[in-house]
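Student: got a sequence here, can you model it:
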Amino acid sequence: MILEKMQFENHNHRGVRMSFSANVKEELEKLISRGRHCQMAEAAAIISLLGKVKNDGNGHDFIQVSSENIAIIRKLFTLLKKAFKIKVVVEVRKQMYGKKTPIYAIKIPYHEEFYQKCI
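Tutor: Numbers count the residues shown, from 1 in each chain. Next up is the predicted model:
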């Protein structure tokens, strides 16, 4: 019985076997701290690792966070929504050179409180 349960826990909702690190990442994605300061710190950490400051060509700066891992983008989306109540744009793009994994991106427009507290 225990062995069957362990084997089942190593599979995702589609029945595909997952690695230990994939299991940990999935668990971390689901954890959202109640403290706003913790949400802000986690969002800032993700942005500092994966974010780039860009300009839209019309003089408006924004931050773009891109990843092949949808869980990271979902987590950041939730953190930004809860901690800052700002609207972001989520994009899905195909990779170049025939890679099958899509790239997920969040565009964070200029938001005074966000930039003051996290940047």
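
Student: spell out the secondary structure type for residue 101.
Tutor: coil (DSSP: H, G, I helix; E, B strand; the rest coil).

Student: distance check, it against residue 50.
Tutor: 15 Å (CB to CB, to the nearest Å). Heads up, the C-betas are built off the backbone N, CA and C, glycines and all.

Student: neighbour count: the two, which is higher?
Tutor: Between residue 101 and residue 50, counted using other CB atoms under 10 Å, the more crowded position is residue 50 (18 against 10).

Student: just confirm the more buried one contacts residue 69, I think it does.
Tutor: No - counting by CB atoms under 8 Å, residue 50 stays clear of residue 69, with 9.4 Å between them.

Student: pLDDT below threshold where in the protein?
Tutor: For the chain, the stretches with pLDDT under 70 are 1-16, 113-119.

Student: mind listing the strands for it?
Tutor: 51-55, 61-67, 89-93, 103-109 (DSSP state E).
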